[in-house]
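*Asks:* give me coordinates for this.
(chains A and B)
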Number of protein chains: 2
Amino acid sequence: MVILGAGFGGLQAAKALARAPVKVTVVDRYNHHLFQPLLYQVATSVLNPGDISAPIRTVLHAPNTTVLLAEARSIDAERKVVITEAGELPYDFLVVATGATHSYFGHPEWAQFAPGLKTIDDALEIRRRVLLAFEAAERETDPERQREWMTFVIIGGGPTGVELAGALADLTHITLPQDFRRIDTTQARVLLLEGLPRVLTVYPEELSERARRDLQARGVEVRTGAMVTNVDAHGVQVGDGRISARTVLWGAGVAASPLVRSLGVPLDKAGRVKVTPNLEVPGREGLFVIGDVASILQDGKPVPGVAPAAMQMGRHTAQNIRRQIQGQPLLSFRYNDRGSFAVVGRGAAVGLTLHEKIRVKGWPAYLAWAGIHIFFLIGFRNRASVMLQWLYYFVTRRRKVRLITGGPSDELLPHSVAVPSLAEGSRSATPAHVH
Amino acid sequence: MVILGAGFGGLQAAKALARAPVKVTVVDRYNHHLFQPLLYQVATSVLNPGDISAPIRTVLHAPNTTVLLAEARSIDAERKVVITEAGELPYDFLVVATGATHSYFGHPEWAQFAPGLKTIDDALEIRRRVLLAFEAAERETDPERQREWMTFVIIGGGPTGVELAGALADLTHITLPQDFRRIDTTQARVLLLEGLPRVLTVYPEELSERARRDLQARGVEVRTGAMVTNVDAHGVQVGDGRISARTVLWGAGVAASPLVRSLGVPLDKAGRVKVTPNLEVPGREGLFVIGDVASILQDGKPVPGVAPAAMQMGRHTAQNIRRQIQGQPLLSFRYNDRGSFAVVGRGAAVGLTLHEKIRVKGWPAYLAWAGIHIFFLIGFRNRASVMLQWLYYFVTRRRKVRLITGGPSDELLPHSVAVPSLAEGSRSATPAHVH
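*Replies:* From the prediction side, this is the model:
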C-alpha cells in the first residue's frame, strides 16, 4: 500500500501500520517531517529548522515501511497507480495525505510579494525578508522609503497570522532595539489585516477580543473588516486605502493540495475531497483521503484542518485498513476535539479545551500551549533542545537564529534600495580624537 | 574607522576597540559571524546553522560600533575610501579582514561540480547534495549509476578534507544504515584525494600517519600523491585513472579574498597582501590587513591561516590603532601558536600544542579539540546547545539536522536520474496477505 505525504496524517497512518501485515511505501517530496505548528518560530528567528523537523526515514524505521523521496503528480484511481516524477507506483490501498498549500484567492501573482508559511523553505524566506528589511532600513536615508522598510503587513487573522504578528512585534520591540544605530526598531509598524469582523474567527468572540487586546498591547495594529484588493512590491491596497510596506506576509487562505483534482471526484470550494464517513473517496474502495485534503462534516460542522484531526484520521485509516485485511467492516471516523490554542506571545494565548466547554487565556493558555507543543515534538532530543532554546529566549529575549541565508547579502538586498549617503555614516565613523 | 569583515579577525579588532575613543563601522556581506571550524558539522547534518553563528549586531553591541550589511567592492587607498555596492565609505583607519575563498587552481569551472566549504550557504549546499545522493541511490535501479551516487570524493587532505571525510564515513556507516531499504549505505565509498605524499602536511609525519590510519579505520579510502586533473558532473580524473562519483567536495585550495587586489600592492601566490611587521600595507599608514588575507613570515615560516592567528592579529591591530591615536609607535606582531587540532571523528583527532612541542592523538586529542571548540563558541547559549546536541549524537549516533532544504525535492533531484522501475518497489510494497 502507498501513503502520499508524511505530514501529521500520513505519519500517524504509517506508524499505526508498522506491525500490520502490509508493506507500506511512504512518498513525500521532502525528506523530513515538519512540526508545522512551530514553523512561525523559525520564520521569526527563535528556532532552527532542525529543531522542528525529523528525517522521515528515521521516524518511520519499521521493517515493513519504505520511504520514497518523490512528488506525486497525479492519481489514476481506475488503474490504481500513483504517477510520480520517478515513475508509476501501483497500490492496492492508497492514503492521500498531501495537506494544504497557500491560496491567494485567484491572485497567484501576489505570491511573490506575500509569501505564505507552509514549508521550511517558506519560513527561511520569511526570515530572510524580515531581517533584510531592517538591514535595508538601517542603510536607507530617505525617511519615506525607510518607513516602507519598517512596515510589516500580515494578511489574515487566523492562528498563523496572529502568531506571526505577535512574534514580529516582539522581535521589533524586545529583541532588535539595541542592535541598530540609525533606526529605532520599536518604531516599526506591524499590521494584521483580517477581512472578517474579528481575528481568530474559529474561537468564541470573547477569545477573539482577548487576542486582539493582547496583540495591541504588543504594538500590533489590528485591522478587521479589512479586505485586501491588491498586493505589490511596495504595499497592499485595502479598499480605498493603501498601506506602503516592503514586507508583506500571507496567512489568509489555504487550499487543498492540487493533487486530488486528478481523482475526478467532487471537491469542496477549498479543493478538498468530500469523503465518506470512513474517509474513503466515494466509489473508490481502498482509496482514503485524510487531513487537510479531506472535507467531512461532523454534527453539521466541518472537521477543522488542524494537526490533531489529521493525526486521528491517520490512525483511524490505519485501523480501517487492518479491518479490511481481516475482512471486517470499516468504521466511521469521529473527530475527538481535545482543544486548540492560538498564541500571541509569551504569556498571551487563547484556547478552547474539553469539547469547547472550557475557555482559557493569558498565562494558563500560554503554558498549556507550550507544554502541549513540546510534548508532541517528535523525539526527546528535539524536545530537550527546543525547551533549552525557549528557556534561553524566555530569560534573555535574544533570538539565536537571526540568520540571513540564501546567498551573499548584495544579491539579497533589493536592487531598488537607494544608495544611502554613507558619507553621513562615515562622519560618525571618524575617530572622535583623531583627524 | 572601518573594519571590513566580521570573521575571527575583524570581530576581535572591533571588540578590542569597543571602549576606544574611535567610532567603528564594521562592514560584512553576511549578517552573522560564523564559527567556521565547526562548519563541516553543519555540512554533515550534525549541527544547525544557528548553532555556529551569531548576529554580528548582537556580538558587536558597543555604542561606538556601527554594523553595515554591505559588500566591499574595492579600496581606494589614495582617497581613503572603501567602495561598496551601497556607496562610498571614507576611513582614516582601515582594517581589511575579508578572509579567504576557494581556489580551484585556475579551474573555476570545477566549482559547480565540487563545492567548497566557507559559508553557511556552502554547508547547506553540501548537506543537500550528500543527502540527495542517498535518496537518488535508493531510487536508482541501474547498479552502475547507483554506485556513482554512492561514491563521495573529497579533494584535498588538509584539515577540512579530513574532517569532511571522517564525518561522511561515520554518516554512511553509523547514522544512515537503518534508514534505507534498497541500498546498503555502508557500501558507500568515501575517497579522500591528496596531491602531496601525505594528509595534514602541516603536521609532523607521525600525526599524518595516525590521521590516515584513523580515516582508514572508519572506511575512508585515502589516496595520497593523487593529482586531480579534471572534475565534472560524473566524477574526477586522477592522472590516468577516473573515479566515477556524483558527489565531489572541495577542500583543496584557498585564496585570499579578491578585494585586496584593488590595493595595487604586491601579493603572494595565494593572493595575500605582504604586510609589514605591524600588519600594515607597505606605504599605506593606517591601512591594516589581517587574518587569511595577510601574508607574513615569522622566524622564516609563514603565519598559518587559522582562527587563532586571525584573532591575535585583530587584537594586535586594535592595540596599534589605540597607540597611534595616543601618538605612540606601533608594535610588531608576533603569532603565539598555542596549538592546533584536526579531527577525524569521535575519539580520533591529532594535535600539536605548546609551540609544537607536544603531539597528541586519539581520545586525548579529540577531547581537547571538543573542549576548545565549545569554549570558543560565542555565547553561553550556543555552547550549551551544541554540547547538548553533541551529547545526543555521542550517545545515539543519530544526526538531528538531516534536512534537505532549498526547494521541493523534484527540482533538487538531478534531472539525469534514471526513472527507476517503481513496479519493482511496489511489488515489495504489496501487502503480504492481500492481493
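
*Asks:* what's the distance between the spatially closest residue to A:A233 that is not a sequence neighbour and A:L267?
*Replies:* In space, and not counting its chain neighbours, A:A233 is closest to A:F113: 5.7 Å by C-beta to C-beta, 6 or more residues apart in numbering or on different chains. Every C-beta, even on glycine, is put in place using the N, C-alpha and C of the backbone. Distance, A:F113 to A:L267, using C-beta to C-beta, to the nearest Å: 28 Å.

*Asks:* who's more crowded, the two?
*Replies:* A:F113 (21 against 17; other C-beta atoms under 10 Å in any protein chain shown).

*Asks:* can you tell me how far the more buried one is from chain B?
*Replies:* 19 Å (C-beta to the nearest C-beta, to the nearest Å).

*Asks:* thought that residue was touching A:Q237?
*Replies:* No - using C-beta atoms under 8 Å, A:F113 is not in contact with A:Q237; the gap is 11.6 Å.

*Asks:* is A:D214 in a helix, a strand, or coil?
*Replies:* The three-state label given to A:D214 by DSSP: H, G, I helix; E, B strand; the rest coil is helix.

*Asks:* so who does it touch?
*Replies:* By C-beta atoms under 8 Å, 6 or more residues apart in numbering or on different chains, A:D214 lies in contact with A:166, A:344-345, A:348.

*Asks:* so of the residues you listed, which ones are in helices?
*Replies:* A:G166 (DSSP state H).

*Asks:* which ones among the contacts of A:D214 map onto strands?
*Replies:* A:344-345, A:348 (DSSP state E).

*Asks:* could these go into JSON lines alongside pLDDT and distance to chain B?
*Replies:* Formatted as JSON lines, the ones in strands among the contacts of A:D214 follow (pLDDT from 0 to 100; distance: C-beta to the nearest C-beta, whole Å):
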{"residue": "A:V344", "pLDDT": "93", "distance to chain B": "24"}
{"residue": "A:G345", "pLDDT": "89", "distance to chain B": "20"}
{"residue": "A:A348", "pLDDT": "91", "distance to chain B": "24"}
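
*Asks:* can you pick the most crowded of those?
*Replies:* A:V344 (31 neighbours).

*Asks:* just to check, it is in contact with A:P159?
*Replies:* No - using C-beta under 8 Å, A:V344 is not in contact with A:P159, being 10.2 Å away.

*Asks:* not counting sequence-adjacent ones, nearest residue to A:S262?
*Replies:* A:S262's closest residue in space is A:S74 (C-beta to C-beta, 6+ apart), at 3.7 Å.

*Asks:* any idea of the pLDDT on that neighbour?
*Replies:* Here the pLDDT value assigned to A:S74 is 97.

*Asks:* so what strands line up beside the helix or strand containing it?
*Replies:* Per DSSP states H and E: A:S74 is located in strand A:72-76. Applying DSSP bridges, strand A:72-76 is found paired with strand A:81-84 (antiparallel).

*Asks:* chain center to the next helix or strand after the strand it pairs with: distance?
*Replies:* Helices and strands here follow DSSP H and E; after strand A:81-84, the next one along the chain is strand A:87-90. Chain-centre distance of strand A:87-90: 30 Å, with C-alpha atoms, centre = their mean, to the nearest Å.

*Asks:* and for stretch A:147-159?
*Replies:* 16 Å.

*Asks:* mind exporting stretch A:163-179 as CSV, just the C-alpha atoms?
*Replies:* What follows is stretch A:163-179, C-alpha atoms only, in CSV (Å, rounded to 0.1, in the frame of the first residue of the first chain):
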residue,chain,number,x,y,z
GLU,A,163,1.3,34.1,15.7
LEU,A,164,3.4,35.8,13.1
ALA,A,165,2.2,39.3,14.1
GLY,A,166,2.8,38.7,17.8
ALA,A,167,6.3,37.3,17.2
LEU,A,168,7.2,40.1,14.8
ALA,A,169,6.1,42.7,17.3
ASP,A,170,8.2,41.1,20.0
LEU,A,171,11.1,41.0,17.6
THR,A,172,10.9,44.7,16.8
HIS,A,173,10.2,45.8,20.4
ILE,A,174,12.3,43.4,22.5
THR,A,175,15.0,41.7,20.5
LEU,A,176,16.3,44.2,18.0
PRO,A,177,16.3,47.7,19.5
GLN,A,178,19.8,47.5,20.9
ASP,A,179,21.3,46.4,17.6
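
*Asks:* ok, now which ones touch A:F93?
*Replies:* By C-beta under 8 Å, 6+ apart, the neighbours of A:F93 are A:1-2, A:22, A:286-288, A:321, A:324, B:431.

*Asks:* ok, back up a step: what does the strand holding A:S74 contact?
*Replies:* A:4, A:27, A:81-85, A:94, A:96, A:98, A:259-260, A:262-263, A:287.

*Asks:* again, 6 Å this time
*Replies:* A:4, A:27, A:82-84, A:259, A:262-263 (C-beta atoms under 6 Å, 6 or more residues apart in numbering or on different chains).

*Asks:* buried ones among the residues you listed?
*Replies:* A:4, A:27, A:82-84, A:259, A:263 (16 or more other C-beta atoms under 10 Å in any protein chain shown).

*Asks:* tell me the domain boundaries of chain A?
*Replies:* According to automatic domain parsing, chain A comprises the domains A:2-29+A:70-99+A:257-325, A:108-253.

*Asks:* any chance of TSV for these, columns distance to B:D299?
*Replies:* Listed next are the domains of chain A as TSV, based on distance: least, C-beta to C-beta, whole Å:
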stretch	distance to B:D299
domain A:2-29+A:70-99+A:257-325	57
domain A:108-253	42
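
*Asks:* right, and these - which one's nearest A:I52?
*Replies:* domain A:108-253 (8.2 Å; C-beta to C-beta).

*Asks:* and that closest one, how far from the chain's centre?
*Replies:* 15 Å.

*Asks:* confidence score at A:I374?
*Replies:* pLDDT, A:I374: 77.

*Asks:* hang on, it in a helix?
*Replies:* Yes - counting by three-state DSSP, A:I374 falls inside a helix.

*Asks:* give me the number of residues near it?
*Replies:* With other C-beta under 10 Å as criterion, A:I374 counts 15.

*Asks:* A:T175 now?
*Replies:* 22.

*Asks:* that one and chain B, how far apart?
*Replies:* Taking C-beta to the nearest C-beta, one finds A:T175 at 9 Å from chain B.

*Asks:* same question, A:H234
*Replies:* For A:H234 relative to chain B (C-beta to the nearest C-beta), the value is 20 Å.

*Asks:* contacting residues for that residue?
*Replies:* Neighbours of A:H234 in contact, by C-beta under 6 Å, 6+ apart: A:S244.

*Asks:* got the residues of the stretch 201-350 of chain A near chain B?
*Replies:* For the stretch 201-350 of chain A, the residues in contact with chain B (C-beta under 6 Å from any C-beta of the partner chain) are A:I325.

*Asks:* closest point of the stretch 201-350 of chain A to chain B, which residue?
*Replies:* Here the stretch 201-350 of chain A gets closest to chain B at one residue, A:I325, 5.6 Å apart by C-beta to the nearest C-beta.

*Asks:* how many neighbouring residues does the residue nearest to A:S262 have?
*Replies:* Neighbours of A:S74 using other C-beta under 10 Å come to 15.

*Asks:* got it, and A:A169?
*Replies:* If we define neighbours as other C-beta under 10 Å, then A:A169 has 26 of them.

*Asks:* does it touch A:A217 like I think?
*Replies:* No - if you go by C-beta atoms under 6 Å, A:A169 and A:A217 don't touch, sitting 9.3 Å apart.

*Asks:* just for chain A, where's the confidence low?
*Replies:* Within chain A, the ranges that satisfy pLDDT under 70 run A:355, A:378-401, A:403, A:405-435.

*Asks:* ranges for the helices of it?
*Replies:* A:8-16, A:39-43, A:56-59, A:120-139, A:143-149, A:159-170, A:205-217, A:307-325, A:362-376, A:380-396, A:409-412, A:422-427.

*Asks:* report all helices and strands that the longest one contacts.
*Replies:* Secondary structure elements in contact with helix A:120-139, counted by 3 or more C-beta pairs under 6 Å, 6 or more residues apart in numbering or on different chains; DSSP states H and E, are helix A:39-43, helix A:143-149.
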